[in-house]
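K.L.:
Sequence plus predicted model, see below.
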Amino acid sequence: MSFNSVWFILIAVLWIGYFILEGFDFGVGILLKVVAKNQAERRAVLTTLGPLWDGNEVWLLVAGGATFAAFPEWYATLFSGFYLPLFLILVSLIVRGVAFEYRSKYGKAQWRNRWDNAIVVASFIPALLWGVAFANIVRGVPLEKSATGAIEYAGGFFNLLNPYALIGGLTTLSLFVTHGAFFLALKTEGDIRVRANAIGIKMGLVTAVLAVVFLGWTLAALTSKASVVTGSLIVVVSWLAALAANYKGREGWAFLFSAITTAFVVITLFFGLYPNVMPNITAGGPGLDIFNASSTQYTLKVMTVVAAVMTPLVLIYQGWTYWVFRKRINPNQIAKPESGVLDSLSA
Amino acid sequence: MNALDLARWQFAITTVYHFIFVPITIGSGFLVAGLQTAWYRTAKEKYFRATKFFGKLFLINFAIGVVTGIVQEFQFGMNWSSYSRFVGDIFGAPLAMEGLLAFFLESTFLGLWIFGWDRLSKKAHLATIWLAAIGTLLSAYFILAANAFMQHPVGYVFNPDTGRAELKSIVAVLTQTTAVSAFFHTIPSAFLTAGALFAGVAGWMVLKGRDPEVARPVMKTGLIVMIVAFLFVGLTGDWSARVMTKQQPMKMAAAEALYDTKANAPFSLFTIGTLDGSKSVFQIGLPSVLSFMSTGDVNGTVEGVNDLQKTYAEKYGEGNYTPNIPLAYWSFRLMIGFGGIAALFALLTLWYMRKGGLPRGKFFLRTMIALPFLPILGNSFGWIFTESARQPWVVFGLFKTADGVSPGVSAGSVLFTMITFTLLYGVLAVIEFGLMVRTIKVGTDMTPVQSGESKTLTMAY
């Protein structure tokens, strides 16, 4: 296998990691005000993410950095082309991160409520826009060869808001909400758990419909490769398994299957793309693939060695974190939920 | 303003802002780890209180550093796509390594540290803060190596067919002197900054008579860290200056506003008048010091701006190769000045403390509270100097800033994102500063260390 293909796979792996991990924490963020009715519950919900969200987000940074290193042309065309959606995602991630860290510092209702709203909105936007972005990549976008020979994005912002991409966005949004609900059902006790389970079933069915439309559209209009058909079937089967497990109250299994589903959504889209990384929507037009977008073989080789050594290590210690914080969180474990550490000035 | 100017402003704003928090994070990560180690070794409660208290300040900063760092990872592609295409083969590698080796380490172990007080053994918990701190060092190294390539490209070959630079030796990129000297200049600066923060906060505690058991050792540690750090900053600054003179003589000439090549060149401390090459009205200079700084020899010859401009025009073709001289001249002096004043102040305070007492006097202690701002300003001016005095190049001698901007992104789009980032960062700065002040005012938590199983979580969001 060429290094180009290896890196195509590794980039897919990084996005799989990112969407499985930050996918559930987007879902939890979106559901914050729905599943948690009082301060103790809100804080319990946020505490399930506390030790994890930052490490989850690093998957995105590494996906970005790795794309820069392995496929600089892809990195350059994608991020300068999808300028405004990416900007909205960045602003959301900034606000969300700060909101997690600062919202419980004070007990003031207004302070907390504003940050909570920020968490909901700033989780919603990227959950939607990542789907829009990936659907556009798979669908193909208008690309032109510039005077310097670079292949540049030639659409505008509104070109990205086509019906197929919007369905893609709604699919990731609803998938992440469900995935987040399964995570909360697995990680909490009491009312939150009950509510999360109920939301999981409802949103799970919505997701099923959206995913079928999105994947069906992909197969009907874009590609009918055997690998994409297989991937889509696995998505459907594993999603049904997730819903069944959730229905039976097997929360660990439900979460595992929704993680597998998320992985196979990414795998299916990457199957659809291969060997392209950014196809042109006009057949025969200039496009980016794993060869013309890539770094030199030497760079790919160096990065392969680094990734081969570091990725397993990262998986081990990040996995260990999930093990350390495996216990369910109960709202009654939050001491003085209404007050913040900065409320009172000591004498 | 066109898209190029706006993209440059955006990079300047987002990067300078990000780098306010980075040195504080790097330095205080280690200092907090040190405090916790002291608690682990001695079991004295004062160290526990200090760890918790300064840990809070560290985390408030860390949050902003992390979220503003996300923008850094993506704005090369967004605003500088032509630059990204040109150097991606080389520049992307250290960035990806930074993610894989450093970001995962910091974020994961910091999460364990924050939430792991009651979930890990004392020893394992102590290890998490050290690992997170080591992560910040690794991160600094890789990003400085990437930046060093922009200052002094090595380990590459230009491919005329693709029109881009290609990596030939990753070892050369990661180990070149430019990177190593920058690392050993930047890291002590981070310690200088964190030391000043700790000492400044301790100064406030002394002023208000808070927790003297914590205030005293922290103040002393902060001040000693500052002085030791400043010695290293000075030594490696001298080293960096020599490396710079050799690799980017124009930058050194700009730093001195030295227009004509000179032997025994003086280091100008202060200039009144124009910096545009006409005679200055009034100048205080230290004879031969510039020659020594640049070449290691008081009689050394330092090349001037005019001669370099001529040389570069011959070498690279017609064009303006002179950076903004007043900016370079003053930012260079302000970098050294702010760092130096901070270190002097630290020395003076330690002198007061030599017989075991604490500094007294409201004026003195109030001044001390301002201490952290000095190295922060020094850091900012240092980077403003390094980056602006490299212009017009983005990669010295190889690729111009003007050629790096994204061709497909309109000035309107860049303006919109720039304004939004600036407003957002401004709001965050106000919130951040408010939280820092409040945390300091609330002070150390005097509740005794809890042991054994607890029904409630030690840490919750």
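P.N.:
Looks like it came in fine.
K.L.:
Number of residues surrounding A:G180?
P.N.:
When counting by other Cβ atoms under 10 Å in any protein chain shown, one arrives at 32 neighbours for A:G180. Yep, even glycine has a C-beta here, placed from its N, CA and C like the rest.
K.L.:
so how far is A:S238 from it?
P.N.:
Distance of A:G180 to A:S238, computed by Cβ to Cβ, to the nearest Å: 17 Å.
K.L.:
again with B:G77
P.N.:
With Cβ to Cβ as the criterion, B:G77 and A:S238 are 33 Å apart.
K.L.:
of these two, who's got more company?
P.N.:
Remark: of B:G77 and A:S238, B:G77 carries more neighbours, 28 against 20, as counted by other Cβ under 10 Å.
K.L.:
State which one residue of the stretch 201-350 of chain B is found closest to chain A.
P.N.:
Going by Cβ to the nearest Cβ, chain A is nearest to B:R210 of the stretch 201-350 of chain B, at 8.3 Å.
K.L.:
Poorly predicted segments of the stretch 201-347 of chain A, please.
P.N.:
Low-confidence segments of the stretch 201-347 of chain A, defined by pLDDT under 70: A:345-347.
K.L.:
ok, 90 please
P.N.:
A:221-224, A:283-284, A:335-347 (pLDDT under 90).
K.L.:
Get me the contact residues on it for chain B.
P.N.:
Contact residues, the stretch 201-347 of chain A versus chain B (Cβ under 8 Å from any Cβ of the partner chain): A:295-296, A:298-299, A:302-303, A:306-307, A:310-311, A:314, A:317-318, A:321, A:324-325, A:329, A:333-335, A:341-342, A:344-346.
K.L.:
Go through the helix or strand hosting B:M219 and flag the buried ones.
P.N.:
Here B:M219 sits within helix B:212-247, counting by DSSP states H and E. By neighbour count on 16 or more other Cβ atoms under 10 Å in any protein chain shown, the buried set for helix B:212-247 is B:214-223, B:225-230, B:232-234, B:236-245, B:247.
K.L.:
which of the residues you listed are close to chain A?
P.N.:
Counting by Cβ under 8 Å from any Cβ, nothing from the buried residues of helix B:212-247 sits close to chain A.
K.L.:
who are the neighbours in contact with A:A69?
P.N.:
Contacts for A:A69 (Cβ atoms under 8 Å, 6 or more residues apart in numbering or on different chains) come out as A:S295, A:T299, A:M303, B:G88, B:G92, B:A93, B:L95, B:A96.
K.L.:
Quick check, the fifth one in contact with A:G65.
P.N.:
Okay, so that is B:G92. Yes - counting by Cβ atoms under 8 Å, B:G92 does reach A:G65; the two are 6.7 Å apart.
K.L.:
What residue spans form the domains of chain B?
P.N.:
B:3-248+B:325-442, B:249-322 (automatic domain parsing).
K.L.:
Need the winner for burial among these.
P.N.:
Greatest average neighbour count among the domains of chain B goes to domain B:3-248+B:325-442 (a mean of 20), per mean count of other Cβ atoms under 10 Å in any protein chain shown.
K.L.:
what pLDDT, on average, does it get?
P.N.:
Mean pLDDT, domain B:3-248+B:325-442: 95.
K.L.:
what's the span of that domain, first residue to last?
P.N.:
This stretch, domain B:3-248+B:325-442, spans 46 Å end to end (Cα to Cα, to the nearest Å).
K.L.:
so B:P392 makes contact with B:F399?
P.N.:
No - if you go by Cβ under 8 Å, B:P392 and B:F399 don't touch, sitting 10.1 Å apart.
K.L.:
before we move on, back to that, which among the residues of the stretch 201-347 of chain A next to chain B count as buried?
P.N.:
Buried, going by 16+ other Cβ under 10 Å: A:295-296, A:298-299, A:302-303, A:306-307, A:310-311, A:314, A:318, A:321, A:324-325, A:329, A:333-334, A:342, out of these.
K.L.:
Which residue does chain A have closest to chain B?
P.N.:
A:P72 (2.2 Å).
K.L.:
quick one, phi/psi of the nearest residue to that residue once chain neighbours are set aside?
P.N.:
Spatial nearest neighbour of A:P72, chain neighbours left out: B:G88 (2.2 Å); criterion: Cβ to Cβ, 6 or more residues apart in numbering or on different chains. With angles defined as degrees, to the nearest 10, B:G88 sits at phi -50, psi -40.
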